[in-house]
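Participant: Here is my input, please return the structure:
(chains A and B)
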Amino acid sequence: KQEVTQIPAALSVPEGENLVLNCSFTDSAIYNLQWFRQDPGKGLTSLLLIQSSQREQTSGRLNASLDKSSGRSTLYIAASQPGDSATYLCAPTLGGADGLTFGKGTHLIIQP
Amino acid sequence: NAGVTQTPKFRVLKTGQSMTLLCAQDMNHEYMYWYRQDPGMGLRLIHYSVGEGTTAKGEVPDGYNVSRLKKQNFLLGLESAAPSQTSVYFCASSLGPPLLLAKNIQYFGAGTRLSVL
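Facilitator: Residues are numbered from 1 along each chain as shown, chains lettered A, B, ... in the order given. Got it, this is the predicted structure:
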């Protein structure tokens, strides 16, 4: 069974800092990995999907990297803003029909 | 621009009552999923469907039933609610599985907050 760990569980930084969120998974036979954002009381929004053949994927100030062989992914957020405050979840997919396996998330607070 | 719509948004039940949660998607997706989210547990898959008329069990299916009579709708039923089913329930949909579709983004609804007293 895939186990997904996200470190840190919570993070509070001042506005403008660059930061890195970490995700590790136990089964490296993944097809892709998604990073999601969840705002309080809301659903999940997909931020980035990185395929198993890729090393990096970028969207605006966000950059996700994937090291499939070591079972690790990082989400880099550049020049953080208060609007980035949310919970970030990673979800590697083994490719079966039964959906994604989610980490418990990193709760991020960006202080104005 | 509706995407995935869940109804109701909030519900309070008494132990033993039944209810049905409705998920509707307008993206012509084949795959649909029901998750529950609990503090400290993350999201866990309850049931899923790979197409109209099909359903399958996920990680935590006990106490729930599902139906996919129409492609756009996926219903989650609680026949006899228990306090342990107090949770936030999310529905999601996708075009297909990652095995066949590398860009298999899942789209989520806004969730249903259920309390069972």
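Participant: who does the lowest-mean-pLDDT helix or strand in chain A pair up with?
Facilitator: The weakest-scoring helix or strand in chain A, judged by mean pLDDT, DSSP states H and E, is strand A:44-51 (a mean of 91). When pairing is defined by DSSP bridges, strand A:44-51 lines up against strand A:32-38 (antiparallel).
Participant: Can you give the contact residues for the partner strand?
Facilitator: Strand A:32-38 is contacted by residues A:23, A:25, A:44-52, A:62, A:64, A:66, A:73, A:75, A:86-93, A:100, A:102, A:105, B:98, B:102-106, B:108 when judged by C-beta atoms under 8 Å, 6 or more residues apart in numbering or on different chains. Placement of C-beta: from N, CA and C, glycine included.
Participant: from these, which would you call buried?
Facilitator: A:23, A:25, A:44, A:47-52, A:62, A:64, A:66, A:73, A:75, A:86-93, A:100, A:102, A:105, B:98, B:104, B:106, B:108 (16 or more other C-beta atoms under 10 Å in any protein chain shown).
Participant: Can you give me every residue that contacts the residue sitting nearest the centre point of chain B?
Facilitator: Centroid-nearest residue in chain B: B:W34, 2.3 Å away (criterion: C-alpha atoms, centre = their mean). When contacts are counted by C-beta under 8 Å, 6+ apart, B:W34 touches B:21, B:23, B:45-48, B:58, B:64, B:66, B:74, B:76, B:89-91.
Participant: mind saving the C-alpha coords of stretch B:37-50 as CSV?
Facilitator: Included here for stretch B:37-50 are C-alpha records, laid out as CSV according to Å, rounded to 0.1, in the frame of the first residue of the first chain:
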residue,chain,number,x,y,z
GLN,B,37,-11.5,13.8,4.9
ASP,B,38,-10.9,13.5,8.6
PRO,B,39,-8.5,15.5,10.8
GLY,B,40,-5.1,13.8,11.0
MET,B,41,-6.2,11.1,8.5
GLY,B,42,-6.0,12.9,5.1
LEU,B,43,-8.3,12.0,2.3
ARG,B,44,-9.4,8.3,2.0
LEU,B,45,-11.2,6.7,-0.9
ILE,B,46,-14.6,5.3,-0.1
HIS,B,47,-15.9,4.1,-3.5
TYR,B,48,-15.3,4.9,-7.1
SER,B,49,-16.7,4.3,-10.5
VAL,B,50,-15.0,3.7,-13.9
